[in-house]
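Visitor: would you be able to build a 3D model of this:
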Amino acid sequence: MQKLLFKEADNPRELQQIHALNHRVFSEEIAQHPTNPSGLLIDRFHGRNRYFVALHDDTVIGMISIHAGPDFSIARRLPDPEVLRTLSRPFEIRLLAIEPQARNRTVLAGLLWQVYDFARSQEGSHLLISGIIERESMYRKLGFVPLGPAVPDGSARFIPMMMPLVDYRPNILGRVELHRRHWHRSTVNPTPISLLPGPVNIHPRVAQSFSSFPVSHRSANFIECFEDVQGHLEALVPEMEVTLFPGAGTLANDAVAANLKALFGAEEGLVLSNGEFGERLIGQASGSGLSFRHLRFPWGTPWSLSAVEEAMKNRPAWLWAVHLETSTGTVNDVKILLAMARLSGSAVALDCVSSLGAVPIASEAGPLFLASGVSGKSLGSYAGLAFVFVSKTCKSLLAGKTLCTSFDLLNMLRTRGPVSTVPSPSLFALACALQEHYGSSASIRHRFEDYSSLGKYVRRELRAIGIEPLVPDEIAAPNITTFVLPTASFSSRCLAAGYQIASESNYLRARNWGQIATMGDITTPSLERLFQIFRAPVGNVS
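Guide: Now for the predicted structure:
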């Protein structure tokens, strides 16, 4: 038996069931409307309604609709309809209907949470509802307040009510959180497959290593493992040494910025951006006091190499850019960038946070100076360890420079083991992940091929269900695919099926984008059911 599923209605079969449920509730049960021989009741606001449903075994057992006007049915129930003009962006809830056997708090909460979340995502100011008088106390508990007395409609009586969505009271916040918990309790698989760009899906052996008993970061066993991890990482970025320290990609890039500042002072550099993480580099360069120009390009498009070439005529002392732009799933052409930098004598720093372990880093093309990475993305381990790769040239130039301990890359490279505490479970898990997929040059090559095949599979399957990836194949990342969400319920429908995709980051929400990341322990067979659900006719997938 399938789990209870909450989603936006997005196919004719569900709409037909909605009309039938409305007839059973509003015509046959409460006699608000006359019965119809067809057994269907189509709302007069149908053309502008957004419908959200509760499904059980592919059957609609509850539904709710919402619309943004400008006409509202509640107006004819108000003593003074002009009160609606004082509301900046109201949304009206209509046709809350639940099968009698399914009238419980979980179904009601799931339906109400969906319209609440939708209205908030559309910057709504208030929710309006005409509540059946017999259930007034229930609506009050949910946070609605009356706008006037009850008004008869057929054999039923309705009371006009409103819930503010902005400046709402703390007790309403608590009720909204309760709705969310009820909804997720019914819809969320307790162990979904992570298709997020972090945290990623973890291999069982990596998880087992993470659960190992903690040991001192000064012990011989720890230092031996630490150096072994360094060796595996350096095999991924030839001709560079690597430092490891606790932290995320942001901290790794802060360390890059601090070392660029120590080395180049007020000399002007160049930062490239064509996505969210390029923008973050601009912010980090500015926050570190670096002097630089920046080139911004539209999100989801490659750098304009002619514009970069023109900027390089000024011979910037350094360049900083993102190799794989996670926000859009774009792989930038660092090979050409490095070749340009070689001609201009510029040092290049790369954010390789998402590309490390999934895309070859073409350091042989030019003077790669610094590069950042993390444990919790393509390498397939847990978040928590940050890396900075340092070239021999950079290492020699850092001699005599003064930096704080956390950013002193040269001191880290000179120290056997870590400079400061590194949690042993994080290190042991990373060591296991590296041994699993990056133990030899052949396994590294196979890992890159596997990531490439997974990316092609995801893009092909998305297109098969009518979803076009944001970027074309020739610049597409092998491990993350960004796309416009086809419906408001797409992410929750994936989650109900056992897959967690990315859609909650602010930059994704602002653009109505979703992402499928195939980082970590993901295989083609593990993804098949996800796309089967969206390919198959409703009701054909068990």
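Visitor: all contacts plus neighbour counts: C-alpha atoms, from now on.
Guide: Will do.
Visitor: burial measure for Glu82, as a count.
Guide: 10 (other Cα atoms under 10 Å).
Visitor: would you say Gln101 is within a helix?
Guide: Yes - counting by DSSP: H, G, I helix; E, B strand; the rest coil, Gln101 falls inside a helix.
Visitor: what pLDDT does it get?
Guide: Listed pLDDT for Gln101 reads 85.
Visitor: can you check the one 3 residues further on too?
Guide: Asn104 carries a pLDDT score of 77 in this model.
Visitor: distance check, it against Asn221.
Guide: From Asn104 over to Asn221 the distance is 56 Å, taken as Cα to Cα, to the nearest Å.
Visitor: what about the helices in the stretch 301-450 of the chain?
Guide: Using DSSP state H, counting those that start in this stretch, the helices found in the stretch 301-450 of the chain span residues 305-312, 334-344, 392-397, 409-414, 424-437, 441-464.
Visitor: which one of those lies closest to Pro79?
Guide: Proximity to Pro79, assessed across the helices of the stretch 301-450 of the chain by Cα to Cα, is greatest for helix 441-464 (50.9 Å).
Visitor: now this structure, which segments are flagged as low pLDDT?
Guide: Applying pLDDT under 70 to the chain flags residues 1-3, 166-190, 363-366, 535-542.
Visitor: go again using 50 as the cut-off
Guide: Applying pLDDT under 50 to the chain picks out residues 1-2, 168-173, 188-189, 536-542.
Visitor: most packed of the helices of the stretch 301-450 of the chain?
Guide: The highest mean neighbour count among the helices of the stretch 301-450 of the chain, using mean count of other Cα atoms under 10 Å, belongs to helix 424-437: a mean of 23.
Visitor: and the angle from that helix to helix 441-464?
Guide: Angle, helix 424-437 to helix 441-464, by axes from the mean of the first three to the mean of the last three Cα atoms, to 10 degrees: 90 degrees.
Visitor: show me what helix 424-437 is packed up against.
Guide: The contact analysis (3 or more Cα pairs under 8 Å, 6 or more residues apart in numbering; DSSP states H and E) places helix 424-437 against helix 204-210, helix 220-236, helix 441-464.
Visitor: tabulate those helices (JSON lines), appending distance to Gly345.
Guide: Conversion of the helices and strands packed on helix 424-437 to JSON lines gives the following (distance: least, Cα to Cα, whole Å):
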{"stretch": "helix 204-210", "distance to Gly345": "42"}
{"stretch": "helix 220-236", "distance to Gly345": "24"}
{"stretch": "helix 441-464", "distance to Gly345": "30"}
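Visitor: what's the closest of the ones you listed to Trp318?
Guide: The closest of the helices and strands packed on helix 424-437 to Trp318 is helix 220-236. By Cα to Cα, the value is 22.5 Å.
Visitor: and the closest one, what's buried?
Guide: Phe222, Ile223, Cys225, Phe226, Glu227, Val229, Gln230, His232, Leu233, Glu234, Ala235, Leu236 (16 or more other Cα atoms under 10 Å).
Visitor: parallel or antiparallel, list what pairs with the next helix or strand after that helix.
Guide: Remark: after helix 220-236, the chain's next helix or strand is strand 240-246, criterion DSSP states H and E. Neighbouring strands of strand 240-246 in its sheet, by DSSP bridges, are strand 385-391 (antiparallel).
Visitor: one step back: let's have the helices of the stretch 301-450 of the chain in CSV, adding distance to Leu147.
Guide: Formatted as CSV, the helices of the stretch 301-450 of the chain follow (distance: least, Cα to Cα, whole Å):
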stretch, distance to Leu147
helix 305-312, 60
helix 334-344, 61
helix 392-397, 69
helix 409-414, 65
helix 424-437, 57
helix 441-464, 47
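Visitor: am I right that Glu474 sits in a helix?
Guide: Yes - counting by three-state DSSP, Glu474 is part of a helix.
Visitor: gap between it and Glu449?
Guide: 16 Å.
Visitor: go on, Ala358?
Guide: Going from Ala358 to Glu449 by Cα to Cα gives 9 Å.
Visitor: can you check Leu84 too?
Guide: Counting by Cα to Cα, the gap from Leu84 to Glu449 is 59 Å.
Visitor: now Ala339
Guide: Distance, Ala339 to Glu449, using Cα to Cα: 25 Å.
Visitor: likewise Asn253?
Guide: Asn253 sits 28 Å away from Glu449, going by Cα to Cα.
Visitor: tell me what angle the helix or strand hosting Gln532 forms with helix 441-464.
Guide: Using DSSP H and E, Gln532 falls within helix 524-535. Compare the direction of helix 524-535 with that of helix 441-464 by the same axes, to 10 degrees and you get 0 degrees.
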